[in-house]
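S.K.: when you get a sec, could you give me coordinates for this:
(one chain, ligands or ions: 2)
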Amino acid sequence: ISHFHTSSDLKDQTALVTAGPTQEAIDPVRYIGNHSSGKMGVAIAENMANRGAKVTLVMGPSHEKSHHPNITTVHVTSAQDMFEAAQKAHPHAKISVFAAAVADYAPAVQAQEKIKKSTDDLSILLKKNIDIAKTLGKEKSEDQYHVGFALETNQEEKHALAKLKEKNFDFIVLNSMQDKGAGFKHDTNKITIYHKSGKSDASPLLPKSAVAALIVDHIVKDL
Ligand code: CTP
Ligand code: CA
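M.R.: Ligands and ions are numbered 1, 2, ... in the order given. The predicted structure is shown next:
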């Protein structure tokens, strides 16, 4: 199977993909962020686009981009921005894939001027961000399909299964941290898919494009 060859098993379907990190501003020159590259989300968006789907890619700050004619990219910065863009696209999306590494917290207040260094230590109060996948999971209709991701450092399966249920996903993709080539910043991933039916499926270490093809194969099989 090739992820480069174009097929039509998602022809006339619409999809939403969240991808990349979010940045939560502290002041005009600083933010809280994470190491997500956005590669996995872009690979999934491109795979679905190659199969004929029209994809809205809601993308946090990332160097990755796609020029695929079936992909419309909406660039966002914060988790709140990402939520608003995703919520707008969600009612039109048959398939939603939540691949973004959304910041869980943001500074409670954003300083209007650059914070000056003082002799004291600095504390920043963080407020919880909205959970995009969970919120849209509650708005999900019978004929909509949701896929989530999980990255865990301990009790991987238990945590992944809890997220599968809590966020109303059809399946969740667990990114294995056990392997040095997998996860953030790498071009390869090793995944286990946990389906709401109770079935699971583990992959070997694969390039992100092949992992994307595998994930989209699972979606197509279910539609
Ligand atoms: N997610 C989201 N919005 C958030 C946080 C997470 O849409 N504010 C989505 C991610 O895109 C992913 C899934 O929820 O598909 C799981 O994200 P993860 O960070 O692993 O789970 P959390 O619920 O945030 O729990 P924790 O970080 O404490 O493990
Ligand atoms: Ca999180």
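
S.K.: report the rounded mean pLDDT for stretch 55-70.
M.R.: Confidence over stretch 55-70 (mean pLDDT, whole number) is 96.

S.K.: swap that for stretch 112-126, please
M.R.: 97.

S.K.: ok, stretch 93-101 next?
M.R.: Per-residue scores along stretch 93-101 average to 98.

S.K.: ends of that stretch, what's the gap?
M.R.: Counting by CA to CA, to the nearest Å, you get 20 Å between the two ends of stretch 93-101.

S.K.: now that stretch: buried residues?
M.R.: Ala93, Lys94, Ile95, Ser96, Val97, Phe98, Ala99, Ala100, Ala101 (16 or more other CB atoms under 10 Å). Where C-beta positions appear, they are placed from N, C-alpha and C, glycine not excepted.

S.K.: which residues sit against stretch 112-130?
M.R.: 22, 24, 26-30, 32, 79-80, 83, 102-109 (CB atoms under 8 Å, 6 or more residues apart in numbering).

S.K.: ends of it, how far apart?
M.R.: This stretch, stretch 112-130, spans 23 Å end to end (CA to CA).

S.K.: returning to that earlier point: just curious, which of the buried residues of stretch 93-101 is nearest to ligand 1?
M.R.: Nearest to ligand 1 among the buried residues of stretch 93-101, counting by CB to the nearest ligand atom, is Phe98 at 3.6 Å.

S.K.: most centrally placed residue in the protein?
M.R.: With distances taken as CA atoms, centre = their mean, Ala99 lies nearest the centre of the chain, 1.3 Å away.

S.K.: excluding its backbone neighbours, what's nearest that residue?
M.R.: Gly41 (3.5 Å; CB to CB, 6 or more residues apart in numbering).

S.K.: can I take it that the one you found is in a helix?
M.R.: Yes. Assessed with DSSP: H, G, I helix; E, B strand; the rest coil, Gly41 lies in a helix.

S.K.: confidence score at it?
M.R.: pLDDT, Gly41: 97.

S.K.: burial measure for it, as a count.
M.R.: 29 (other CB atoms under 10 Å).

S.K.: so who does it touch?
M.R.: When contacts are counted by CB under 8 Å, 6+ apart, Gly41 touches Val17, Thr18, Ala19, Gly20, Leu57, Met59, Val97, Ala99, Ala100.

S.K.: and the gap between it and ligand 1?
M.R.: 9 Å (CB to the nearest ligand atom, to the nearest Å).

S.K.: now, which of the contacts of stretch 112-130 lie close to ligand 1?
M.R.: Ala79, Val102, Asp104 (CB under 6 Å from any ligand atom).

S.K.: and those, which of them are in helices?
M.R.: Members of those lying in helices (criterion: DSSP state H): Ala79.

S.K.: between the ones next to ligand 1 among the contacts of stretch 112-130, which sits nearest ligand 1?
M.R.: Nearest to ligand 1 among these, counting by CB to the nearest ligand atom, is Val102 at 3.6 Å.

S.K.: now the closest residue in space to the closest one that isn't next to it in sequence: how far from Pro69?
M.R.: Spatial nearest neighbour of Val102, excluding adjacent residues (CB to CB, 6+ apart): Ala79 at 4.9 Å. For Ala79, the distance to Pro69 equals 29 Å [CB to CB, to the nearest Å].

S.K.: higher neighbour count, those two?
M.R.: Between Ala79 and Pro69, counting by other CB under 10 Å, Ala79 is the more crowded of the two (24 against 8).
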